[in-house]
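S.K.: Take this sequence and fold it.
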Amino acid sequence: MELCFDRDNFIGENKTIWVVDLSDGSRVFQDDNRPGLKVPNAWIRLGKHIKSFNGGLKIINFRLWFRSHKILAAPSSAPGYYFANGIEKEFDSSVDRGYYVTGWLLSDLSKVRCYRWKIPELLIDEIDDRSREKAIIEPFFIWN
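M.R.: Numbering: from 1, shown residues only. Just a heads-up that it's a prediction; the model follows:
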């Protein structure tokens, strides 16, 4: 499973991306739709990569980056992490609005706390708690 371990020209500086630090010291950058990869979604590739280590690899930090704006998208070393892309359109508008949804499984394992971020500016639009049944679904959720 190919992952992006360096911020390169494909990613550039003008895309909003997630960035994950792993327990082996590596950093993975979101590189969705990179030409030549069988799986275009980097979160799916990351999930498969972590799963292949049978519990021996974990997410330490989960951040969102846009240019020099870098924020923690979820607490460090949570039991699991959630990510989804979204887009919405106003009924009477031709403008699409992109967003990311990031989340983490609470330490009591009862629910997933989700933040909806406006992109590219990374402003919180909504916070909600989702039941395990609604949020712990592959490929959106990665167990830690």
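
S.K.: what's the residue closest to the geometric middle of the protein?
M.R.: The centroid of the chain falls nearest to Phe83 when counting by Cα atoms, centre = their mean (4.1 Å).

S.K.: Spit out the contact partners of that residue.
M.R.: Residues in contact with Phe83, defined by Cβ atoms under 8 Å, 6 or more residues apart in numbering, are Trp18, Trp43, Phe62, Tyr100, Val101, Thr102, Gly103, Phe140, Ile142. C-beta: built from backbone N, CA, C; applies to glycine.

S.K.: Inside strands: which ones of the residues you listed?
M.R.: Trp18, Phe62, Tyr100, Val101, Thr102, Gly103, Ile142 (DSSP state E).

S.K.: ok, the fifth one - contacts?
M.R.: For Thr102, the residues meeting the contact criterion (Cβ under 8 Å, 6+ apart) are Trp18, Phe62, Leu64, Ala73, Ala74, Tyr81, Tyr82, Phe83, Cys114, Tyr115, Trp117.

S.K.: re the thing from before, may I ask which of the contacts of Phe83 has the most neighbours?
M.R.: Neighbour counts for the contacts of Phe83, by other Cβ atoms under 10 Å, peak at Gly103, which reaches 28 neighbours.

S.K.: hang on, the earlier thing: pretty sure the residue nearest to the centre of the chain is in a helix, no?
M.R.: No - according to DSSP: H, G, I helix; E, B strand; the rest coil, Phe83 belongs to no helix; its state is strand.

S.K.: May I have the beta-bridge partners of it?
M.R.: Beta-bridge pairing for Phe83 (DSSP bridges): Thr102.

S.K.: returning to that earlier point: closest one to Val39 out of the ones in strands among the contacts of Phe83, please.
M.R.: Distance to Val39, by Cβ to Cβ, is smallest for Ile142 among the ones in strands among the contacts of Phe83, at 14.2 Å.

S.K.: quick one: that closest one from Arg113, how far?
M.R.: When distance is defined by Cβ to Cβ, to the nearest Å, Ile142 is 15 Å away from Arg113.

S.K.: Just to confirm, which residue in this protein is farthest away from the center?
M.R.: Residue farthest from the centre of the chain, counting by Cα atoms, centre = their mean, is Asp92 at 30.0 Å.

S.K.: No further questions, thank you.
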